[in-house]
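[1] Return a 3D structure for these sequence lines:
(one chain, ligands or ions: 2)
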Amino acid sequence: MGKSVAYKILEKNLLAGSLVVGEEITVKVNQTLTQDSTGTMVYLQLEAMDIITKKTDLSVAYIDHNTLQAGFENADDHEFIKTAAAKYGIIFSKPGNGICHQLHLERFGKPANILIGSDSHTPTCGGLGMIAIGAGGLDVAVGIAKGTYNLKVPKVVNVELIGALKPWVSAKDVILKVLKELTVKGGVGNIIEYSGEGLKSLSVTDRATITNMGAELGATTSIFPSDDITKDFLTRQGRAEDFLELLADNDVVYDNKITINLSELTPLVAKPHSPDNVDEIINIGDLKVDQVAIGSCTNASYTDLMKVATILKGKKVHPDVSLVISPGSSNVLKMLADNGALSDLIKAGARILEASCGPCIGMGQAPKSKAVSVRTFNRNFKGRCGTKDADVYLVSPETAAAIAIKGTFFDTRTLGDAPTITLPEKFDYEDNYFIFPPESGKDVEVIMGPNIKPFPRNTELPKAMTANVILKTGDNITTDDIMPSNAKLLPFRSNIPELSKYCFGTIVDDFATRSAKYNGGFVIGGDNYGQGSSREHAALVPLYLKVKAVIAKSFARIHKANLINSGIIPLEFKNKEDYDRINEFDSLTIDNLYEALDSGIVKFKANEYEFEAIADISDRDKEMIKKGGYLNFIKNS
Ligand code: MIC
Ligand code: SF4
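    Ligands and ions are numbered 1, 2, ... in the order given. As a prediction, the model looks like this:
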């Protein structure tokens with residue numbers, strides 16, 4: 001039977017286990033990436049592992065999330081990461097260079113390689129024909145230290161693209177359509193592999209927009225084949241030697257398949273407050289818009305911003321709209337400056353930010369109260385923009401630019417011709433924002449300022465436990481709910497005690513107090529618990545607050561792994577109806593915990609009811625939990 005692109009790469013890098021759906025395998029990690037807001041933990045964990053140098057071919061530490069530096073905290077984090085990177089042989093990308101995923105795609109991503117990154121949008125590089133997986137910080141630390149990664153073999157779902165996109169419809173609309181079909185939990189346990197004649201009209205950065213937002217499907221990763229278009233991109237980036245053709249076999253049989261006819265797509269919009277709440281722009285009517293934000297790792301490439309500049313050229317941003325643009329990389333910004341497009345953006349009245357995540361992670365540009373904010377980003381969870389009662393709509397760059405001029409939603413297709421962008425023969429690639437590591441890092445002093453606090457460690461699992469339910473949540477709880485992130489909190493990513501005061505802040509404002517009163521306890525969750533960001537803080541902070549287990553209807557992949565790595569038991573209800581019987585503050589007891597874990601079924605007893613939960617985790621995960629988390633596990637193995 002023929003092979004998919006995804007399985008060809010997994011097979012090439014397989015170190016242990018067999019490529020059978022659901023089996024746990026170990027693969028070689030060729031590359032890693034970290035960003036600053038998850039990176040501090042990664043490098044603290046590396047320090048705790050006592051390693052000498054990285055075991056990957058290439059590792060990069062980017063600074064892109066928190067570049068506001070409102071106090072010494074961010075700058076301390078940057079300095080810590082910079083010195084740790086030098087010590088372990090890791091390339092350091094200075095603040096201002098751009099967003100990790102855009103930069104990695106431009107400068108380092110390589111077809112057929114495996115990349116693990118401490119950010120959920122790491123699959124962006126799947127646009128280049130690589131397996132690129134977002135993971136928790138500890139998994140990335142182990143990836144750097146040992147050059148390996150463990151995962152359950154996912155199914156491969158094929159999205160066949162037929163037809164060709166019409167004017168004013170682009171890659172963002174393709175992934176919004178996939179989200180509409182599959183929803184925010186439809187990708188869990190799957191790799192999404194794209195194929196079909198429609199690929200011919202999608203550039204590498206278009207493909208990267210699609211694989212980027214595969215994170216919103218909950219997928220392990222998304223991937224495109226590596227073909228002539230990949231070769232063309234790498235050649236223009238001055239990296240022709242990194243090209244390798246990688247196509248699916250003609251007789252490949254996928255686990256599942258959907259077909260999307262690109263010719264039938266219309267401009268789409270993800271309405272508040274979920275990326276899968278997708279509708280056609282014509283159904284939004286002429287809703288008035290207060291803010292338009294263009295950028296993020298989804299839509300801030302050269303082509304995206306050139307489309308925006310072409311639409312804005314000679315026009316004026318609507319008086320009631322604040323248009324803000326954050327370029328994906330310093331090279332994109334430089335190219336716009338050199339060819340005059342930056343001047344077109346400024347003349348139209350756009351606010352230009354530095355190349356970074358910026359408003360996407362709530363680092364400034366919170367819109368006004370009750371605002372309608374239109375963004376080219378990938379997430380519109382409630383409150384993520386910094387304004388709790390704002391409504392955020394996700395759209396393509398061309399839709400965003402047209403709306404910025406008009407001041408309302410409208411059917412952009414009525415504008416007639418859409419901009420078409422010709423790629424420069426050679427992309428600019430100044431590497432002056434990168435600091436390459438010294439030959440040997442053994443004399444490098446790692447600098448830890450006062451904001452860098454030790455991370456919490458769990459202890460061995462007790463043989464039995466009785467504890468209270470200290471929180472019950474609904475479905476689709478995001479890691480932004482568990483550990484909110486914004487301009488106020490991002491500076492404390494290396495300071496768990498400070499962060500813990502805000503845990504579950506979007507749901508209750510007294511979680512830390514509850515935990516102190518009951519000496520920790522259980523959290524009850526609905527479906528798709530922990531979707532969204534890879535932030536390990538959504539497990540480390542609950543660990544610090546003595547959360548012992550999370551019992552949910554189902555989990556999102558990265559968060560489940562982060563819980564296991566922290567020694568917190570993730571359990572799924574055997575009967576989902578049992579969720580309704582549990583009340584906050586009920587006391588629950590588990591006897592014979594070790595035997596229960598081994599058998600995969602954990603029995604809970606409350607005063608008036610009993611229920612069972614499933615430990616759907618590997619034997620290795622069970623050992624890790626018994627030892628009190630990944631770090632204790634590797635110390636003892
Ligand atoms: C996000 O988009 O939510 C983030 C911020 O990039 C996170 C990482 C983090 O929380 O630091 C992600 O997607 O993993
Ligand atoms: Fe940065 Fe936003 Fe992308 Fe996360 S989703 S990496 S915050 S640009």
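
[2] biggest helix in the chain by residues?
    helix 72-88 (DSSP state H).

[3] close to ligand 1, is it?
    No. In terms of CB under 6 Å from any ligand atom, no part of helix 72-88 sits within range of ligand 1; the closest distance is 11.7 Å. The C-beta positions use only the backbone N, C-alpha and C, and glycine is treated the same way.

[4] so what's the residue positioned nearest the centre of the chain up against?
    The centroid of the chain falls nearest to S120 when counting by CA atoms, centre = their mean (1.9 Å). Each residue near S120 by CB atoms under 8 Å, 6 or more residues apart in numbering is listed here: G134, A215, G532, S533, S534, I558.

[5] Closest one of those residues to C297?
    Closest to C297 out of the contacts of S120 is A215 (9.6 Å), distances taken as CB to CB.

[6] what number of residues lie near the closest one?
    For A215, the count of nearby residues is 31 (other CB atoms under 10 Å).

[7] Tell me the residues of the protein that contact ligand 2?
    So the chain meets ligand 2 at H65, I99, D119, H121, S296, C297, C357, C360, I361, F377, N378 (CB under 6 Å from any ligand atom).

[8] returning to what we had before: among the contacts of S120, which are located in helices?
    I558.

[9] ok, which of the contacts of S120 also contact ligand 1?
    G532, S533, S534.

[10] And the residue in the stretch 101-250 of the chain positioned nearest to ligand 1, what's its pLDDT?
    For the stretch 101-250 of the chain and ligand 1, the shortest gap (CB to the nearest ligand atom) falls at S120, measuring 3.6 Å. For S120, the model assigns a pLDDT of 98.

[11] For it, give me phi and psi.
    Main-chain torsions, S120, degrees, to the nearest 10: phi -70, psi -20.

[12] how close does it sit to R557?
    10 Å (CB to CB, to the nearest Å).

[13] which two in the contacts of S120 are spaced the farthest apart?
    Comparing every pair within those by CB to CB identifies G134 and G532 as the most remote, at 10.4 Å.

[14] before we move on, what SS does the closest residue to V204 other than its chain neighbours have?
    Using CB to CB, 6 or more residues apart in numbering and skipping residues adjacent in sequence, the residue nearest V204 is F233, 3.8 Å away. Secondary structure, DSSP: H, G, I helix; E, B strand; the rest coil: F233 is helix.

[15] try the one 5 residues further on
    Secondary structure for G238, judged by three-state DSSP, is coil.

[16] I'd like to know how many residues surround the nearest residue to it once chain neighbours are set aside.
    The shortest distance from G238 to any non-neighbouring residue, by CB to CB, 6+ apart, is to Y429 (5.8 Å). By other CB under 10 Å, 16 other residues sit near Y429.

[17] Quick check, Y429 in contact with F108.
    No. With contact defined as CB atoms under 8 Å, Y429 does not count as touching F108 (11.1 Å).

[18] Show me what from the stretch 101-250 of the chain comes close to ligand 1.
    Neighbours of ligand 1 within the stretch 101-250 of the chain, by CB under 6 Å from any ligand atom: D119, S120, H121.

[19] Please enumerate the helices of the stretch 351-500 of the chain.
    Per DSSP state H, counting those that start in this stretch, the stretch 351-500 of the chain carries helices over the ranges 397-406, 479-482, 496-499.
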